[in-house]
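In: what follows is a predicted structure for the sequence shown.
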Amino acid sequence: MTSTVIETEEPRPGILLVRLNRPDKLNAMTSDLIQGLHDVLDGVRDDPRVRAVVLTGAGRAFCAGFDFRGYGAAPGAVEGEGRPQAGLRVQEHIVSLGEAFRRVRAPIVGAVNGAAAGGGMALSLFCDIRVMASSAAFHASFIKRGLGGGDIGVSWLLPRLIGFSRAAELLLTGGSLDAREAERIGLVSAVVPDDELLEAALDRASAIAENSPFGVWMTKSVLWANLEAPSFRSAVELENRTQILSTMTKDHQEAVAAFLEKRPPVYRNR
């Protein structure tokens with residue numbers, strides 16, 4: 001599956017590599033790029049052949065954020081509609097990617113290969129796991145453009161990932177995080193040399209793909225759901241149910257048999 005602004009390939013069995021492809025514009029967001037991502041994610045949402053996804057950017061940036069030189073109209077735009085109406089349509093088109101990332105059953109590994117600024121930082125936060133090139137950096141640039149520092153779900157996600165105080169400082173100052181600092185505060189899982197980034201992300205995706213498809217799906221689902229859980233009791237109630245569902249699968253029986261027989265399991269997503 002390939003378009004002018006989104007490229008996809010399968011570099012390893014069951015692993016989908018998705019590449020933002022506007023390298024001359026640092027992969028800045030346009031309506032076409034956002035819709036291209038929606039189309040890819042919708043296409044693989046329930047696809048049992050896709051066991052993990054890796055998201056990265058072409059060229060020297062992950063994503064430079066909103067393209068102020070020419071974003072374009074969001075789908076469904078109405079000729080002559082007011083500026084607030086058109087703006088909100090664009091905003092909702094971008095923000096809805098957050099839910100699209102979560103609806104994909106396969107975990108998504110972000111391979112942050114350069115600047116991840118503004119909306120680009122938000123895209124990386126939507127990923128389940130982030131790996132970062134040593135020369136890459138996050139830039140909380142919203143407030144530097146005369147906007148509120150919280151945008152595209154960042155004010156909800158970032159405090160949960162790095163704590164309120166660090167998130168507040170970053171968003172209020174429009175500051176930046178280099179790769180080492182991002183790793184130190186737990187925003188990314190690992191920092192690797194630039195030329196090793198893609199392999200590192202693919203290795204993590206492959207490690208995920210070794211596990212049972214239903215178990216991976218339930219794990220991703222419960223992790224995201226329990227970010228919003230109001231209590232420990234609520235969290236474990238959900239865990240209890242997903243765990244019992246998992247024990248009902250033939251893949252669970254296969255995993256136990258493989259463990260006892262000291263052999264690799266063969267999962268069939270049943």
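Out: Nice, I can see it.
In: contacts and neighbour counts: CA atoms only from here.
Out: Will do.
In: check what contacts the helix or strand hosting residue 19 and list those residues.
Out: Per DSSP states H and E, residue 19 falls inside strand 15-20. With contact meaning C-alpha atoms under 8 Å, 6 or more residues apart in numbering, strand 15-20 is reached by 5-11, 27, 33, 50-58, 62-63, 202, 205-206, 209.
In: name the single longest helix found in the protein.
Out: Looking across the chain with DSSP state H, the single longest helix is helix 83-103.
In: only alpha carbons, please: show it as CSV.
Out: Extracted in CSV, the C-alpha atoms of helix 83-103 (Å, rounded to 0.1, in the frame of the first residue of the first chain):
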residue,chain,number,x,y,z
ARG,A,83,-13.6,30.1,9.9
PRO,A,84,-14.4,28.5,13.3
GLN,A,85,-16.4,25.7,11.7
ALA,A,86,-13.6,24.9,9.2
GLY,A,87,-10.9,25.1,11.8
LEU,A,88,-12.8,22.8,14.1
ARG,A,89,-13.2,20.3,11.3
VAL,A,90,-9.4,20.3,10.7
GLN,A,91,-8.8,20.0,14.5
GLU,A,92,-11.1,17.0,14.8
HIS,A,93,-9.6,15.3,11.7
ILE,A,94,-6.2,15.4,13.4
VAL,A,95,-7.3,14.6,16.9
SER,A,96,-9.3,11.6,15.8
LEU,A,97,-6.0,9.9,14.9
GLY,A,98,-5.5,9.3,18.7
GLU,A,99,-8.5,7.0,18.8
ALA,A,100,-7.5,5.4,15.5
PHE,A,101,-4.1,4.5,16.9
ARG,A,102,-5.8,2.9,19.9
ARG,A,103,-8.4,1.0,17.9
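In: circling back: now the element after the strand holding residue 19, going C-ward?
Out: Following strand 15-20 in sequence, per DSSP H and E, is helix 31-44.
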